[in-house]
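K.L.:
can't give you the sequence, but here's the structure:
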């Protein structure tokens, strides 16, 4: 089966309010696109609207306003959705009494795919041996693999995976990582949600970060790294004066002196702080540069709360 | 379009045969049907007391009573209804509805395919149940060793035809009811309370209303024109003609399906 080239995904001014009286705004005027040939991390704390957005993309949830497109069409207008988009949404969408093989056979029947696809995807996710067992006997990790097998059944050009690493062992996570990289490398669109940046940091090219249903950041991971603010810490007997000068002359974004005598300056590199201390005659006992931890930045962007 | 519908039918069929639920319900339905046939045969033959001594044995000479014994196959209809309800609500209960609607985002088509398939399944169950009832009745009559009217091919044929149509429509009705009431437990309880309690009460108290309700319409569709009353005798029941009963049943199923496709079926799958 030839690879279907991936298409871009578009979320346009998407809003979704649950409840008849509009109590819960899950997604609020969200706009972003996902490019083919790249792995995009869809990040945000639990309850930030990731799953709702994905379910809107897949036609399972109707937007209150705005729209979502798979390439140029809404999901519900796709003639052969299984061959275009593969989705793994949660690990619980299986009949407990049905075997993995039969679960996948239902999918090939509905999509008009040859039954040989079942064996192929079972091999891909490493479930061949357990394929005849009823899903009720499966571990969370095995259910995740089965969900992924279901997503792959139509050899789609678009993969949409909601927290796919949940329940996988470290080996499984490493495998998933290389698998997703390979899918993107062959031109697929890969959108992976997670509430932990570090989980996908090594996998993704792009990130879309949302918080409380609204977009916080969308762009390449490299962009975020570049935006990460430089931070310099200093120990000095003249700390108070140095803080003053850093703010007034050096252009520091902030300069805070902690009770234990550590001055933290943001918005200035270590070299700039050193130079400023020299020209203003402040004595330095310690000077160190810190690049901001990506996870820390993520927490700040998303309000630091889970 | 036709090809897509065929694929959906194939997928729905595979869902049915890959869990044990259907086999359990069919077996229980069979057991109840056969039990009713046997019990009424034993009552009529005087083995189980309940019929006035004078009537003992003579009831079995009445061809109508023989037909009624065969028509006990209809007992399984309740399980066929439940089968349809479970087929639809099970998708929501186990959240397989997510992958179902991902495979086929046109939700109305999924419901139509399920209803069509369960019509066929209902008919098949009718055939299986009828075969079991004829066998059990033959054996029971041989054991009680009374004179009895013959089990005629025409009697079996007419009851079978009614059961095929009635079970098919009841299964379809179950699916459409399940689409309307997605909560499995609520839908099953409603169906059981309706069939076993409300319809039973109304058929005794308000037959003129009862004949227009699903249970009464089912009996009409199955050409059950008499019912065995508790004393073992026959009471002629107020029924629609068979074709009228079938139409009324189909009408209920279609109305439920149309309402469901405009309300519950459109709801967000979260």
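P.N.:
Yes, it's here. Owing to the predicted nature of the structure, the values given are computational and were not obtained by experimental measurement. Numbers count the residues shown, from 1 in each chain, chains lettered A, B, ... in the order given.
K.L.:
Would you agree residue B:96 is in contact with residue A:93?
P.N.:
Yes: using Cβ atoms under 8 Å, residue B:96 makes contact with residue A:93 at a distance of 5.7 Å. C-betas here are computed from N, CA, C, even on glycine.
K.L.:
quick one: which of these two has more around it?
P.N.:
Between residue B:96 and residue A:93, residue A:93 has the larger neighbour count (other Cβ atoms under 10 Å in any protein chain shown), namely 23 against 19.
K.L.:
Distance of that one relative to residue A:120?
P.N.:
21 Å (Cβ to Cβ, to the nearest Å).
K.L.:
How about residue B:95?
P.N.:
25 Å.
K.L.:
ok, those two, which is more surrounded?
P.N.:
Shown here are residue B:95 and residue A:120; by other Cβ under 10 Å, residue B:95 has more neighbours (18 against 15).
K.L.:
State the three-state secondary structure for the more buried one.
P.N.:
Under DSSP: H, G, I helix; E, B strand; the rest coil, residue B:95 falls in the coil class.
K.L.:
likewise residue B:27?
P.N.:
From three-state DSSP, the assignment for residue B:27 is helix.
K.L.:
residue contacts, residue B:116?
P.N.:
residue B:9 (Cβ atoms under 8 Å, 6 or more residues apart in numbering or on different chains).
K.L.:
To clarify, my last question referred to residue B:182.
P.N.:
B:88-89, B:92, B:264, B:267.
K.L.:
List buried residues within those.
P.N.:
By neighbour count, with 16 or more other Cβ atoms under 10 Å in any protein chain shown, those hold B:88-89, B:92 as buried.
K.L.:
can you redo the contacts of residue B:182 as a markdown table with pLDDT and secondary structure?
P.N.:
Formatted as a markdown table, the contacts of residue B:182 follow (pLDDT from 0 to 100; DSSP: H, G, I helix; E, B strand; the rest coil):
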| residue | pLDDT | secondary structure |
| --- | --- | --- |
| B:88 | 96 | helix |
| B:89 | 97 | helix |
| B:92 | 95 | helix |
| B:264 | 91 | helix |
| B:267 | 92 | coil |
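K.L.:
just the residues you listed now: which is nearest chain A?
P.N.:
Of all those, chain A sits closest to residue B:267, with 8.7 Å by Cβ to the nearest Cβ.
K.L.:
Enumerate every residue touching that closest one.
P.N.:
Residue B:267 neighbours (Cβ under 8 Å, 6+ apart): residue B:182.
K.L.:
What are the phi and psi values at residue A:192?
P.N.:
phi -130, psi 120 (degrees, to the nearest 10).
K.L.:
For the stretch 1-150 of chain A, which segments count as helices?
P.N.:
A:50-57, A:81-84, A:100-111, A:116-125, A:140-152 (DSSP state H, counting those that start in this stretch).
K.L.:
To residue B:84, which of these lies closest?
P.N.:
helix A:100-111 (18.4 Å; Cβ to Cβ).
K.L.:
and that closest one, is it in reach of chain B?
P.N.:
Yes: counting by Cβ under 8 Å from any Cβ of the partner chain, chain B has neighbours in helix A:100-111: A:102-103, A:105-107, A:109-111.
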